[in-house]
Structures are given as C-alpha cells and as structure tokens.
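Next comes the sequence, and after it the predicted model I'd like to discuss.
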Amino acid sequence: MLLRAVIPLVLVILFSDFGAAQPLEANTQSTSDTLLPTVGAVLAQRTADSARFGGNWPLAIGATAAYYGVAMYVLQHTWYKDRPVVPFHFYNDGGGYMQVDKCGHAFGAYVYSSIGLRTLEYSGMSRGEALFFGGALGLLLQTPVEIMDGIHEGYGFSWYDMLANALGSSLVFGQELLFDRQLLRFKFSYTESTYAEQANGFLGTSAVDRLLKDYNGHSYWLSLPLEPVLRTGVLPAWLALSVGYGAGGMFGEYENITAYQGVDLPAAQRYRRVLLSLDVDWSALYTDSALLNTLLDALNFLKVPLPTLELRSTGEVRWHALYF
C-alpha cells in the first residue's frame, strides 16, 4: 500500500504553480478569528477566489490523468505481475497486519486529496470546486486500485480498504470546511525493523522493497500544532504534538509464518505500539517563495525525528532519544 501513497508526493513539486506566491494556507484570517468558521463562510470565500490564479486546471487534470495512467501501468507490472487474473471477489482483511495496512490506505488517500486540492486550486479552479473535486481525489483514485485487487489472486476487493480510503479523504475535506486549513496533519515515518533483517527476504530484499513490505517499521502520525489551539502567545507557531500508531513482531498478515524459502524464522510476539512525540508544522514557516513553500508542503507529510515515548500493548514502555 505504501507504494500507492508515496508516489504522489512527487506531484507537489511537479504540478504546483510555482509562479503563485501565495500558498494554499496563506489566508488564515478565519482560523485566527475562530477554529470553527461556518461552512457557508468558508465555501463563500473559496468561491470568491476563483480567479486568483491562472486558468491552468485543464492542464492539471490532464497531467494528473497521465500520471495516474502511468502509475496504474507500473502497479500492473510490479504489484500484480505474478498474480493471475481471477473472477472478481471480496476479501475481509480488516485485521490484517494489525491495521497498519489500513493506516497506509488512509494516509495514501490523505496525500492524494491534499495534493489534489492544492493543485486544482493553484491551477485556477475556485476554492469551492477545488475542495469538492480535489478533496475527493484520494477516494476516487484509490477505488480503481481496489477493483484491481478484486480481480487478482491473493488479493481481493476490501470494504475495509475503501473505508480507510474514505477516512483519509474525509480528513482533508472536513478540515477545510471546519478550519479553512489542514490543522491536523497526517504523517508517516519509517525505520527498517530488526524483523526485516531476520525474515530471509519475506519482508523485502532491498531497502526500497523493505520500505514497502516491512510494516513493522511503519508509523502513522496525527500532528496538531499547539499554539493555534491553546493560544498562549508563547509557544512557537511551528511546534506540534504528535500521536502515532504502529505494530511489531509481524512475519505475516494475521499470523506469523515459521519459515520462508527453507529458512526458519525466529519466534516473535506481535504487538501494537502507541507513540507520543513533538513535531514540526512546516506550514507555520511559509515564506514569500512559492517553490520553498511547496517543499515545506511536501515535508508536512513526514514526521520529524524527535524524542518519543513508546507504549506497547505488551505493557512495555520505551523512550527513544530520536524516533522515525
């Protein structure tokens, strides 16, 4: 699933209008006045901004369609290359990989929708149109992938995946309506786990392969900037509190396999982890440079390595000087 989430990060740089000096969230007057502006006021303001940027939205849509066609081709020849086509079927994977995979689906939809909203807005669409079409982009783009899962052996169409996709897009759409910005940021971090080294290739044979398959090393975070909420007048605007989720001890989707390619794998106890850390909200550091602001937007999809408290479902508590 991470493959489907990571690729669109490139779209931030490729399809954003670098000539537009004002960033997506530069107009934060309604946020400073109240954290809960009315839905009508938000949509009215966004519709009034229809001509702020150049009318390049047909190009943006065409580029997105071309990108998606290429991405689907790549998936067909990588993700599904060894999977025969079978009749459409369903698969209940709600508990697979201790829901880390579902976090990946939600994150992927969040990335698509965030970038879709920004790209369509900068291309000349009204804020209301960009919110409607861009905000739904995550769910729209990931649904055909779920259908492809449904016709390939070893996978299957999953309603749990669809629910996670919808939640990811809804996080973008809902926050734009409520806060006129992405106040709560959905982020990702990864560190190759010790289990990947012990898995004899089951969790990947290269660094990139392990990034995609080693769910033990995945962490998904929700980061909330503190000053806009607490309004202390003291805290830096970029300082955020972040809560993360991950899991470990996994050599399989539901149960651990005991051997792979003739090699015994070590016994491991599966567990969940909850993480508590500080983070950086890069949008608070926007500059007059549209290019730099675009790079800051891309960074806001990744959790900054900082001291972290880890609570495991086994009852173990760990402290990390730096965690990523």
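Noted; the coordinates are in hand. Numbers count the residues shown, from 1 in each chain.

Local confidence estimate at Tyr220?
Model confidence at Tyr220, given as pLDDT, is 98.

so it bridges to which residues?
Phe188, Tyr245 (DSSP bridges).

what does stretch 304-317 rub up against?
Applying C-beta atoms under 8 Å, 6 or more residues apart in numbering, the set of residues contacting stretch 304-317 from outside is 189, 244, 248, 269, 271-280, 318-324. Any C-beta I mention is one placed from the backbone N, CA and C, and that applies to glycine too.

Enumerate the positions of it that are buried.
For stretch 304-317, the buried set under the neighbour-count rule, 16 or more other C-beta atoms under 10 Å, comprises Val304, Thr308, Glu310, Arg312.

filter the contacts of stretch 304-317 to the buried ones?
Ser189, Gly244, Gly248, Tyr271, Arg272, Arg273, Leu275, Ser277, Asp279, Val280, Tyr323.

Among those, name the ones in helices.
Per DSSP state H, helices hold no members of these.

Quick check: the two most widely separated of these?
Largest separation among the buried ones among the contacts of stretch 304-317 by C-beta to C-beta: Tyr271 and Val280, giving 28.3 Å.

Now for the chain, the helix or strand with the poorest mean pLDDT.
Scoring the helices and strands of the chain by mean pLDDT, DSSP states H and E places helix 29-33 at the bottom, with a mean of 34.

Run through the helices of the chain in chain order.
When secondary structure is read from DSSP H, the chain shows helices at 2-6, 9-15, 29-33, 39-48, 57-76, 100-122, 127-135, 137-150, 159-179, 194-198, 207-213, 227-230, 290-299.

if I look at Ser170, how far off is Val304?
To Val304, Ser170 is 25 Å away according to C-beta to C-beta, to the nearest Å.

distance from the centroid: which residue in the chain tops it?
Computed with C-alpha atoms, centre = their mean, the residue of the chain farthest from its C-alpha average is Gly262, at 35.9 Å.

got the buried residues for stretch 292-305?
For stretch 292-305, the buried set under the neighbour-count rule, 16+ other C-beta under 10 Å, comprises Asn293, Thr294, Leu296, Asp297, Ala298, Leu299, Asn300, Phe301, Leu302, Lys303, Val304.

Then stretch 82-92?
With burial defined by 16+ other C-beta under 10 Å, the residues of stretch 82-92 counted as buried are Tyr91.

Now the terminal residues of it, how far apart.
According to C-alpha to C-alpha, to the nearest Å, stretch 82-92 extends 21 Å from its N-terminal end residue to its C-terminal end residue.

Which residue lies nearest the spatial centre of the protein?
In the chain, the C-alpha closest to the average C-alpha coordinate belongs to Phe107, at a distance of 2.6 Å (C-alpha atoms, centre = their mean).

Surely that residue and Phe188 touch.
Yes. With contacts defined as C-beta atoms under 8 Å, Phe107 counts as touching Phe188 at a distance of 5.7 Å.

what about the stretch 51-200 of the chain, any weak spots by pLDDT?
Within the stretch 51-200 of the chain, the segments meeting pLDDT under 70 span 51-61, 63-64, 67-68, 74, 77-79.

give me that answer again for 90
Along the stretch 51-200 of the chain, the model assigns pLDDT under 90 to residues 51-83, 115-116, 118-142, 144-145, 148, 152, 154-155.

Could you find the closest non-adjacent residue to Leu141?
Taking C-beta to C-beta, 6 or more residues apart in numbering, and ignoring the residues beside it in sequence, Leu141 has Tyr112 as its nearest neighbour in space, at 5.2 Å.

Count the neighbours of that neighbour for me.
By other C-beta atoms under 10 Å, 30 other residues sit near Tyr112.

same check, this time on Glu176
Residues within reach of Glu176, counting by other C-beta under 10 Å, total 26.

Next: Leu171.
Neighbour count for Leu171, taken as other C-beta under 10 Å: 23.

Of the helices of the chain, which is nearest Asp93?
The minimum distance between Asp93 and the helices of the chain falls on helix 159-179, with 6.1 Å, by C-beta to C-beta.

Buried residues, that closest one. List them.
By neighbour count, with 16+ other C-beta under 10 Å as the criterion, the buried positions of helix 159-179 are 160-162, 164-173, 175-179.

thinking again about what came up before, from the helices of the chain, which stretch is densest packed?
Ranked by mean neighbour count, the helices of the chain are led by helix 100-122 with a mean of 27 (mean count of other C-beta atoms under 10 Å).

Specify the angle between that helix and helix 159-179 in degrees.
Here helix 100-122 runs at an angle of 40 degrees relative to helix 159-179 (axes from the mean of the first three to the mean of the last three C-alpha atoms, to 10 degrees).

Begin at 4 from now on, thanks
Noted, 4 is the first residue going forward, which turns the last one into helix 103-125.

The nearest residue to Ser280 once chain neighbours are set aside and Lys216, how far apart?
On the basis of C-beta to C-beta, 6+ apart, the spatially nearest residue to Ser280 that is not a chain neighbour turns out to be Thr311, at 4.0 Å. Thr311 sits 23 Å away from Lys216 when distances are taken as C-beta to C-beta.
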